[in-house]
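# below: sequence and its predicted model.
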Protein chains: 2
Amino acid sequence: MKIGDAANRSGVSAKMIRYYEQIGLIPNASRTTSGYREYELQDIHMLRFVARARDLGFSIAEITELLDLWRDKDRRSADVKALAQARVRDLRRKIAHLQDMADTLEGLASDCAGNERPNCPILHRLETADKEHGTEFRGSAEKGFRKRNVS
Amino acid sequence: MKIGDAANRSGVSAKMIRYYEQIGLIPNASRTTSGYREYELQDIHMLRFVARARDLGFSIAEITELLDLWRDKDRRSADVKALAQARVRDLRRKIAHLQDMADTLEGLASDCAGNERPNCPILHRLETADKEHGTEFRGSAEKGFRKRNVS
DNA sequence: TATGGGGCTTCCCATGATTGGAAGGTCAAG
DNA sequence: CTTGACCTTCCAATCATGGGAAGCCCCATA
């Protein structure tokens, strides 16, 4: 199977398959005599695994760990679970952060008349850096969030 | 005031001040005879405005709009409010997406014994791309999220 | 058999916001 | 007059992804 088929069947674009190979996330594919990459069904499983983990917001580094565990027949399920739970904690932290932002902004917006007149407290508050809600954004962990234009 | 002081007082790093100037987000600073950038109190207000908007997750493009409204004394407060509300909708959508991811992962993790044995349904489910929860990630808007390592 | 089209290859570039660093100029205090 | 802290510009890297160019390969059809 060539890379285009592998892409269609796995949900990972051909571009990204090459990229994942290049950065060592997945092993080098075997090649035909003419240089085309060749994939087996097993590779499709692996790629789907990657695609699914990626959709769940795992970073490349985390997917590397997951793939290692996936391939390791002697793995401890506790290791996998710990990884998933760490990711859940990350996500919950991000969610809380975004919720703070949304609540703050909503509070600002609700104080604005939203009419033809120029007076708008949103701009004043942004300028003076008052906090509508006491929560402190600076310092909250935001590392490693992957943005995807997941069609 | 030189750029280092401006950075300290505004919460925007000197690096970023130069970058914002370069991309046209903020106007070119005046210079001393020796080429140093010079800032007035008014500039600090502007930089603080930018910093605050950035902390609320506005993109550079959105901050450009906000700055224009901030400087426009004849602005309609409705325009500002609309911008803030659009941002809130964005945030709520992102939050829902992350919540889906977290819930799905938590579901996967709860099915895993988390012990010394290798059997772990998380890996199986990732491989077969089953969905624990029916919600469909693909298609949810994720554009324009800014990740910041907001110290 | 020739040709056309589509898929494959590598390589380079761009994104967005930010940080890091190198090489060199400027300024104030000691 | 030296030292060190600041400033300048320029270049590179980050992360995951897409876009595109130039050139090769393979298959079907005229």
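Arrived safely, thanks for sending. Quick caveat: nothing in here was measured; it's all calculated off a predicted structure.
# make it CA atoms for all contacts and neighbour counts henceforth
OK.
# skipping adjacent residues, who's closest to residue A:50 in space?
Spatial nearest neighbour of residue A:50, excluding adjacent residues (CA to CA, 6 or more residues apart in numbering or on different chains): residue A:63 at 6.7 Å.
# wait, that neighbour sits on residue A:52?
No - with contact defined as CA atoms under 8 Å, residue A:63 and residue A:52 do not form a contacting pair (9.8 Å).
# roughly how far does the residue nearest to residue A:50 sit from DNA strand C?
19 Å (CA to the nearest atom of the strand, to the nearest Å).
# how many neighbours does that residue have?
A count of neighbours around residue A:63, defined by other CA atoms under 10 Å in any protein chain shown, yields 21.
# next one: residue A:55
Residue A:55, neighbours per other CA under 10 Å, totals 16.
# repeat for the one 4 residues further on
With neighbours defined by other CA under 10 Å, the count for residue A:59 comes to 16.
# close to DNA strand C, is the longest helix seen in chain A?
The longest helix of chain A (DSSP state H) is helix A:77-110. No - on the criterion CA under 7 Å from any atom of the strand, helix A:77-110 is out of touch with DNA strand C, staying 14.7 Å away.
# what packs against that helix?
Helices and strands touching helix A:77-110, by 3 or more CA pairs under 8 Å, 6 or more residues apart in numbering or on different chains; DSSP states H and E, are helix A:60-71, helix A:121-128, helix B:77-110, helix B:121-128.
# quick check: mean pLDDT of that helix?
Taken as a whole, helix A:77-110 carries a mean pLDDT of 89.
# in that helix, what's buried?
A:77-81, A:83-85, A:87-88, A:90-92, A:94-95, A:97-109 (16 or more other CA atoms under 10 Å in any protein chain shown).
# likewise stretch A:7-17?
Using 16+ other CA under 10 Å as the test for burial, stretch A:7-17 gives A:7, A:10, A:11, A:12, A:13, A:14, A:17.
# ok, now stretch A:44-63?
Residues A:44-60, A:62-63 are the ones in stretch A:44-63 that count as buried (16+ other CA under 10 Å).
# how far off centre is it?
Distance, stretch centre to chain centre, for stretch A:44-63: 10 Å (CA atoms, centre = their mean, to the nearest Å).
# same check on stretch A:42-51?
The answer for stretch A:42-51 is 17 Å, by CA atoms, centre = their mean.
# quick one: it near DNA strand C?
No - Stretch A:42-51 does not reach DNA strand C (CA under 7 Å from any atom of the strand); its nearest approach is 13.6 Å.
# what mean pLDDT does that stretch get?
95.
# over to stretch A:128-139?
Mean predicted lDDT for stretch A:128-139 stands at 43.
# that older thread, got the helices and strands packed on helix A:77-110 as TSV, with distance to residue A:27 columns?
Shown next, in TSV, are the helices and strands packed on helix A:77-110 (distance: least, CA to CA, whole Å):
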stretch	distance to residue A:27
helix A:60-71	11
helix A:121-128	49
helix B:77-110	26
helix B:121-128	17
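# which of these sits closest to residue B:70?
If you check each of these against residue B:70 by CA to CA, helix A:121-128 wins as the nearest, at 6.1 Å.
# other SSEs contacting the closest one?
Using 3+ CA pairs under 8 Å, 6+ apart: helix A:121-128 touches helix A:77-110, helix B:41-55, helix B:77-110.
# distance between the shortest one and the chain's centre?
What it means is helix B:41-55. 15 Å.
# swap in stretch A:21-28?
With CA atoms, centre = their mean, you get 19 Å for stretch A:21-28.
# A strand includes residue A:117, no?
No - assessed with DSSP: H, G, I helix; E, B strand; the rest coil, residue A:117 is coil; it does not lie in a strand.
# quick one: contacts for the residue nearest to it when sequence neighbours are not counted?
Leaving out its chain neighbours, the residue that sits closest to residue A:117 by CA to CA, 6+ apart is residue B:76, at 5.2 Å. Neighbour list for residue B:76: A:114, A:115, A:116, A:117, A:118, A:119 [criterion: CA atoms under 8 Å, 6 or more residues apart in numbering or on different chains].
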